[in-house]
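Colleague: mind looking at a prediction? Sequence and model below.
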There are 4 protein chains.
Amino acid sequence: MPGTPPTRFVFLGPEGTFAEQALNSIPAAERGSRTSARSVPEALESVRAGEADAALVPLENSIGGAIGVTLDELAEGEPLVITREVVLPVEFVLAARPGTTLPRIRGVAAHPQASNQCRGWLRAHLPDAVVVDVLSNGAAAAGAATGEYDAAICAPIGAGRHRLDVLADKIADHSDAVTRFALVSRPGPPPPPTGDDVTSLAIYIAHDRVGALLSVLMELAVRGVNMSRIESRPTGETLGRYVFFLDCAGHVADVRLGEALQGLRRVCADVRFLGSYPRHRLPGMGDRPIPAPPGLSDADYADAAAWLARLRTGDLT
Amino acid sequence: MPGTPPTRFVFLGPEGTFAEQALNSIPAAERGSRTSARSVPEALESVRAGEADAALVPLENSIGGAIGVTLDELAEGEPLVITREVVLPVEFVLAARPGTTLPRIRGVAAHPQASNQCRGWLRAHLPDAVVVDVLSNGAAAAGAATGEYDAAICAPIGAGRHRLDVLADKIADHSDAVTRFALVSRPGPPPPPTGDDVTSLAIYIAHDRVGALLSVLMELAVRGVNMSRIESRPTGETLGRYVFFLDCAGHVADVRLGEALQGLRRVCADVRFLGSYPRHRLPGMGDRPIPAPPGLSDADYADAAAWLARLRTGDLT
Amino acid sequence: MPGTPPTRFVFLGPEGTFAEQALNSIPAAERGSRTSARSVPEALESVRAGEADAALVPLENSIGGAIGVTLDELAEGEPLVITREVVLPVEFVLAARPGTTLPRIRGVAAHPQASNQCRGWLRAHLPDAVVVDVLSNGAAAAGAATGEYDAAICAPIGAGRHRLDVLADKIADHSDAVTRFALVSRPGPPPPPTGDDVTSLAIYIAHDRVGALLSVLMELAVRGVNMSRIESRPTGETLGRYVFFLDCAGHVADVRLGEALQGLRRVCADVRFLGSYPRHRLPGMGDRPIPAPPGLSDADYADAAAWLARLRTGDLT
Amino acid sequence: MPGTPPTRFVFLGPEGTFAEQALNSIPAAERGSRTSARSVPEALESVRAGEADAALVPLENSIGGAIGVTLDELAEGEPLVITREVVLPVEFVLAARPGTTLPRIRGVAAHPQASNQCRGWLRAHLPDAVVVDVLSNGAAAAGAATGEYDAAICAPIGAGRHRLDVLADKIADHSDAVTRFALVSRPGPPPPPTGDDVTSLAIYIAHDRVGALLSVLMELAVRGVNMSRIESRPTGETLGRYVFFLDCAGHVADVRLGEALQGLRRVCADVRFLGSYPRHRLPGMGDRPIPAPPGLSDADYADAAAWLARLRTGDLT
């Protein structure tokens, strides 16, 4: 039911990956049921089907970029909305069965994106080890646990779950890498505005010309709406036809964001609302929320609306 | 009283000028009282003071440009609104007392703007006549009537009123010159939209930089509001501080013009609404009204507003 | 000859007006010949015909706005260029024949714009005097000198020239009113850049739509060119067809202004260059010149041009 | 040596994938040596190191979107340039060892993106088969050849190379899916303009605000440069810091694209030129090249440049 807090959670599995770790940071999820899904489409499908109330899936990674499959799944099919974001520092560890020591490691299982992010460490500490590509961080940990591989690059939670020893932690080359996850539910009233919110949209523009995208940005700029992210994805029709994913600062309940949304609705071929939710700021990361520029606060809007209403009745005082 | 049709009219005199001729084209004025004023400020002051209900004053001339004093008077003091425009073809005649013939004309009285517009004709037909500057077209006709000057360049109505013979008509070099007049009243509900209306504004921008004016034009462009006129006038403070007079296509009651007005209210230092009124189109002059571009009709606005209202309640259907 | 300093000057007369006073502030004019012209067209025509080297004519007044006839004359006919501007504080005096005292003044001669600017003073000090409109400030002084009128509102120079006593000075309601004059010559190399220059243009846009003017402002904005003035004037064809007069900060020799000018040339129906010349700043009036924003200095342009030249040869260092 | 046609080619392997098929469509590659690389970084590294002259790597897929690793590798490290693009229809086949029939297939090896694109076909024709994720299309074919899997979803070239029978062809759900490949070399003079070219760029903007991206688009729009693609990628620093990959219509040798590039160089934190090369148009796909809008042809630019040069010398004819 709309408004009812979710109790049945699904996350992108397997167990022991960052998605599970992100889910654990949500208080309601600790009390609810938690199921892993084999893929993002499967996780979102279970929400659409009503088998789960909310799915925790990755949206983007500061190293690897957007998670295309998540964007595509949100842009198509029955509407879903993001109700919460979780930004998680990505900490990779080198984990192995108890008793293993570095010099004895010959083969390391890793998801290609993970080994890519730890290239520097591997070159320095395991120059002779062979890296074997596997399909997830969780699979890497599982493979090390069964002895198929000598060691795994995985998330801390994966090491714990598979009872592996952590031989080295924080082995990623970029120590401040993060992954951003979204908690996705069936449509319902958005969480109340906090003053530091994000609104996510998928927009389709009639033509891929600079003029069309310029129109979109002008609709935002005229209302002073900042955009913290823009991603283009092919629509699957032909090259050169894109859907754009935007993250805008503000909440659908804000007057100026509302006016901008109406503008986008009018100038775009289609706009899909993907949710308004509180921005998750890690300590020390990112800017503070930007106050409304002069003339663009809710009060300014209210003043202008009242003035227009007076004009229309002939009251020019 | 607001809504009551005006019955007491004042016009920029003296009698026998184009302003009186323009006033005669307004049906209500034929039945009401008509008084001449010595200046635009005097005409408008009598409306402000409640001595007249409406003043007919010139706004701009297709040859001479804006009538600065009218703009200044509208921009300052107690608010007034334009409720109607009258576009009048400017036809100059050469008039003289009965019995006068062209070869005998030595001195021609004319307002400088009038003689300027008839330069070609004067050079061709009265190359040796001396043109004497006088302060209005009506004064020229009056001077010819008293015999002070041999002839006058004046409006047809001026010749008739002073019982002069028309020696030559349509003597202006630009045969399609027009003057645009405004009927100005105390504030009240604007006349209803006709689908082909003009909204006049005086806007003050914080700085005279290209960026500030660009912001104003963007507020209009984003709502597809066309601008048929822009005039800058100094504010009287110092050089480089301007008030801009805009004529926009549309009516204050139109949704998109209303949104644009609110935008101007928010980004400008000040906006003074000068009225919404039907466009007066002379046969064969000017373009037809331009239909709303895709996405900018009132229906498109209503659709977008309904969509936003649904989003805010969580209804994404 | 181009480059030769002008020696024969003409100014908008009659003698004793602000234009003569402005001309006197130009050192070269003190040594050259000085002739008055009866009108702006006459003054400019004498330059076009080679009878004078330079004409000093009014461009705009901080109270009355643009001097339309000057703009029109610059926009049409053989090209002329502004080589210098003079900004002159407008100080009106009440002048009368020696021996006249305030209480005896019944009739005051004044140009309508002058009496308009001194309304407050007149109401306070000569509430019963009749103001008689005359055609110039110089004519007012002349009329007082002949005894036709008891007194005149005129420029200080007019009082001196007609041997009138100044009964009151600085009688204008706005004490900081100024008039801006232009020194106009036949085309030749512009004066060298000073770092604080103005470039004047007359531009014709294909349509009077907001989009066309927006394009013009975008050409300027993209190059960071500020606009200190924009005036619209009818083209004399029909209402709603305008020529725009722009004053831009910068010199035609500046790289970024040059690029902007090329852009205007390409997007406008026509562009007429009216000169680049040093800005005349009165002490305490107006802002200091604004330095080029980041990325828009001549050095930034040179860097970008060199980079592009390298790219085109395949040098990506 | 710059200008020398490449003779040593490397492509993203393993053998039997679409990249090899794309390389085969380049005449020069048929005569040169062809080596497969295990990853995009490895392929590009061999070009940077001088071990190969050109690398054929995937840029984007009409279903899956940008190939992030390729973009990242082009944006960082020693500069490389794209000299040619190849757009290849993506045709998936179901292949198996000779003698295999559909009813006997239990396990199908496929790269996750491939199986994702053939979901509809699999559901209809192999509803009970288990899909096993492998790391490339080539690996799928190889696995089917060794008997590890009953069948593979792979490229036609992969079936041939591993002597598999094609049990079904064109099994992708979107029959017009394509992949776009780039031929990448060390920097050198770009191929000559053809009138239908693409210029690829990586741009870094100072801030991720809507205003900054708007500035970029305005630099393009003012010069009438169309953008056929925009991708954002994280810079690896923190979330919300992006590099944008743009494909613009035109060639670095074009005047207007040159001016736009200079503008980007000035307003962006950094611009990396990734090459100008002929657009590859598949029959029936995509729009024809768009002629320069009015005022934006090379001839218009030349006219404006000549006009400016005249202005600067004082020649206003």
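Modeller: The structure has been received and is ready for your questions.
Colleague: could you chop chain A up by domain?
Modeller: A:1-89+A:178-189, A:93-169, A:199-317 (automatic domain parsing).
Colleague: let me have the ones you listed in TSV, adding mean pLDDT, distance to C:Leu167 and mean neighbour count as columns.
Modeller: From N, CA and C alone the C-beta is placed, and that goes for glycine too. Compiled in TSV, those are given as follows (pLDDT from 0 to 100; distance: least, CB to CB, whole Å; neighbours: other CB atoms under 10 Å in any protein chain shown):
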stretch	mean pLDDT	distance to C:Leu167	mean neighbour count
domain A:1-89+A:178-189	89	77	20
domain A:93-169	91	88	19
domain A:199-317	84	42	19
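Colleague: residues of the stretch 201-317 of chain A that sit close to chain B?
Modeller: Taking CB under 8 Å from any CB of the partner chain as the criterion, the stretch 201-317 of chain A approaches chain B at residues A:218-219, A:221-222, A:252-253, A:258-259, A:261-263, A:265-267, A:273, A:295-296, A:300-301, A:303-305, A:307-308, A:311-317.
Colleague: between the domains of chain A, which one is nearest to D:Ala55?
Modeller: Proximity to D:Ala55, assessed across those by CB to CB, is greatest for domain A:93-169 (18.2 Å).
Colleague: three-state assignment of the most centrally placed residue in chain A?
Modeller: When CA atoms, centre = their mean is applied to chain A, the residue found nearest the centroid is A:Leu59 (2.7 Å). Assigned with DSSP: H, G, I helix; E, B strand; the rest coil, A:Leu59 falls in the strand class.
Colleague: how much space between it and B:Thr70?
Modeller: 59 Å (CB to CB, to the nearest Å).
Colleague: would you map the helices across chain A?
Modeller: Taking DSSP state H, the helices of chain A run over residues A:18-24, A:27-31, A:40-48, A:68-75, A:112-117, A:119-125, A:137-146, A:156-161, A:210-222, A:255-267, A:298-313.
Colleague: I'd like to know how far A:Pro14 sits from A:Val134.
Modeller: Distance of A:Pro14 to A:Val134, given as CB to CB: 11 Å.
Colleague: go on, A:Pro156?
Modeller: Distance, A:Pro156 to A:Val134, using CB to CB: 18 Å.
Colleague: kindly report the same for A:Asp197.
Modeller: Applying CB to CB to A:Asp197 and A:Val134 gives a distance of 38 Å.
Colleague: got it, and A:Ile67?
Modeller: On the measure of CB to CB, A:Ile67 and A:Val134 end up 18 Å apart.
Colleague: ditto for A:Arg38
Modeller: Taking CB to CB as the measure, A:Arg38 falls 14 Å from A:Val134.
Colleague: swap in A:Arg233?
Modeller: For A:Arg233, the distance to A:Val134 (CB to CB) stands at 26 Å.
Colleague: same thing with A:Phe245?
Modeller: Applying CB to CB, the value for A:Phe245 to A:Val134 is 29 Å.
Colleague: break down the stretch 101-250 of chain A into its strands, ranges please.
Modeller: Assigned by DSSP state E, counting those that start in this stretch, the stretch 101-250 of chain A shows strands spanning A:107-110, A:130-133, A:151-154, A:165-169, A:178-185, A:197-204, A:227-234, A:242-249.
Colleague: strands paired with the fourth one, and their directions?
Modeller: This points to strand A:165-169. Sheet pairing of strand A:165-169 (DSSP bridges) gives strand A:93-96 (antiparallel).
Colleague: for the partner strand, which outside residues touch it?
Modeller: By CB atoms under 8 Å, 6 or more residues apart in numbering or on different chains, the surrounding residues in contact with strand A:93-96 are A:105, A:108, A:121, A:141, A:144, A:150-156, A:158-159, A:162, A:164-171.
Colleague: for it, C-alpha coordinates in PDB please.
Modeller: C-alpha atoms of strand A:93-96 as PDB (Å, rounded to 0.1, in the frame of the first residue of the first chain):
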ATOM      1  CA  VAL A  93      39.900  -6.500  -0.100                       C
ATOM      2  CA  LEU A  94      42.000  -9.400  -1.000                       C
ATOM      3  CA  ALA A  95      40.600 -12.400   0.700                       C
ATOM      4  CA  ALA A  96      41.600 -16.100   0.900                       C
END
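Colleague: now A:Pro14: closest residue in space that isn't a chain neighbour?
Modeller: Counting by CB to CB, 6 or more residues apart in numbering or on different chains, A:Pro14 lies nearest to A:Gly138, which is 3.6 Å off, once chain neighbours are set aside.
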